[in-house]
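Trainee: Could you look at this predicted model? Sequence included:
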Amino acid sequence: MISVTNISKTFRVPVAAEGRFGALRSLWSGARLEKTAVRDVSFTIERGEFVGYIGPNGAGKSTTIKMLTGILHPTSGSVRIAGFSPHRQRTEVARRLGVVFGQRTQLWWDLPVKDSYDILAAMYKVPGEDKRRRLEELTELLGLDEFMQTPVRKLSLGQRMRADLAAALLHAPDVLFLDEPTIGLDVLAKRSIRSFLQKLNRELGVTILLTTHDMDDIEQLCSRVMVINRGELAYDGSIAALRERIGLPTVIRVTFEGAGSGSVSSGGDVGVSGVGAGGNGGIVGVGESVGSSTGVEAGGSVGAGGASGGWSVPERWEGAFRLTGRTDSGVTLECNRTTISVMDMLKTVGTWGPIADVHMEEPDFEDIIHRIY
Ligand SMILES: Nc1ncnc2c1ncn2[C@@H]1O[C@H](COP(=O)(O)OP(=O)(O)OP(=O)(O)O)[C@@H](O)[C@H]1O
């Protein structure tokens, strides 16, 4: 659906002159410096994908989006949207493309929302019946009724974003580019925009490329994320793979049955197999936490084998994880999932006593992104 091959964009910017009126003099002198905003970026996006495009300020996101929409022409490389060049075949691309910029509107400021839709439908040559049906659907999905007759300037930010989304979708595009669609919105408004976008992608199959600084947008919506940094593509893949690649630790909180007493001795051995089996079912089945019922089952056998049914953490142990906390009821550990599997770690922990509950916290996505930037 979208194919980008080795695109670069270089701007020629005036060289700043020193001293008083430097900026003015530099314009006058005509001295220019080349600045590469996007360097040799390639990717393809298949029909129906929901892809996040992120990067720090000035990384080259907007410049890329402008090249994808045909506003800017790449210095080198090529862009195809549904097989068409956005620069040379603008009309063909415009018919298939919707664009929403969170920071500015494509609606007419002083006109009622409905009038903007009439103008846009005429511009995109949407037949009358299609327009009526489409607007009906969008009104229902986005709750446009409450402000259809209101001038755009009087809308709240959340209402304006809903109105803008409808405007971008009136001509039923296959592809939607979104630039900061939730910027400045409150929690409820963000939630309603995200749920609409999810429906649009999953139920109507619209291909979406989302640029945002809001990592919750990315985590909740995108199956794939591309990271651009200093004009170059630094990562392209799933969020899960990104977590692994960065290697931030997974935090695991283990609660044992009983107080911190007893010994590891023979109970430890039983624990290895008992917890291994229990952990398997629990992790795959429950996802984030191994339920206490599973723990009790596994722990039951440990308890029976353990000296007193209590637990104790040995002074030393071998392994690719770190003990970061210890309380009356359990321990907190950090493990790097690229070097040790959670299962292996639980096997070791199981040798310390009967496990009642295990809770896992994946590294925060925000932290991962800071690592890349
Ligand atoms: N028209 C232009 N002329 C000269 N330099 C430009 C122009 N447009 C962008 N740049 C420069 O190119 C680089 C990339 O800018 P771009 O706007 O693409 O970044 P961005 O990732 O969208 O940033 P932000 O998150 O702040 O919007 C920046 O250094 C910017 O100053």
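Mentor: Sure thing, it's come through.
Trainee: Can you tell me the number of residues neighbouring Leu144?
Mentor: 20 (other CB atoms under 10 Å). In this view, the C-beta of every residue, glycine as well, is placed from N, C-alpha and C.
Trainee: Grab the nearest non-local neighbour of it.
Mentor: Nearest residue to Leu144 in three dimensions, chain neighbours excluded: Ala166, at 5.9 Å (CB to CB, 6 or more residues apart in numbering).
Trainee: how much space between Val126 and the ligand?
Mentor: 31 Å (CB to the nearest ligand atom, to the nearest Å).
Trainee: Ignoring the adjacent residues along the chain, who's closest to the residue of the stretch 251-373 of the chain found nearest the ligand?
Mentor: In the stretch 251-373 of the chain, no residue comes nearer to the ligand than Tyr373, which is 11.3 Å away by CB to the nearest ligand atom. In space, and not counting its chain neighbours, Tyr373 is closest to Pro56: 4.8 Å by CB to CB, 6+ apart.
Trainee: Quick check, Asn336 in contact with Glu244.
Mentor: No - in this structure Asn336 lies outside contact range of Glu244 using CB atoms under 8 Å: 9.3 Å.
Trainee: ok now do Asp130, which residues does it touch?
Mentor: Residues counted as contacts of Asp130 (CB atoms under 8 Å, 6 or more residues apart in numbering) are Ala172.
Trainee: sec struct for it, please.
Mentor: helix (DSSP: H, G, I helix; E, B strand; the rest coil).
Trainee: Next, work out how far apart it and the ligand are.
Mentor: Using CB to the nearest ligand atom, Asp130 is found at 34 Å from the ligand.
Trainee: now do Ala241
Mentor: From Ala241 to the ligand the distance is 23 Å (CB to the nearest ligand atom).
Trainee: and if you look at Gln149?
Mentor: As judged by CB to the nearest ligand atom, Gln149 and the ligand stand 34 Å apart.
Trainee: and the closest residue to that residue other than its chain neighbours, what are its bridge partners?
Mentor: Nearest residue to Gln149, sequence neighbours excluded (CB to CB, 6+ apart): Pro112, at 4.9 Å. Taking DSSP bridges as the rule, Pro112 bridges to Pro151.
Trainee: Pro112 reaches Pro151, doesn't it?
Mentor: Yes - between Pro112 and Pro151 a contact is recorded at 5.7 Å, counting by CB under 8 Å.
Trainee: per-residue confidence averaged over the host helix or strand of the residue nearest to Leu144?
Mentor: Secondary structure assignment for Ala166, by DSSP states H and E: helix 157-169. Per-residue pLDDT over helix 157-169 has a mean of 94.
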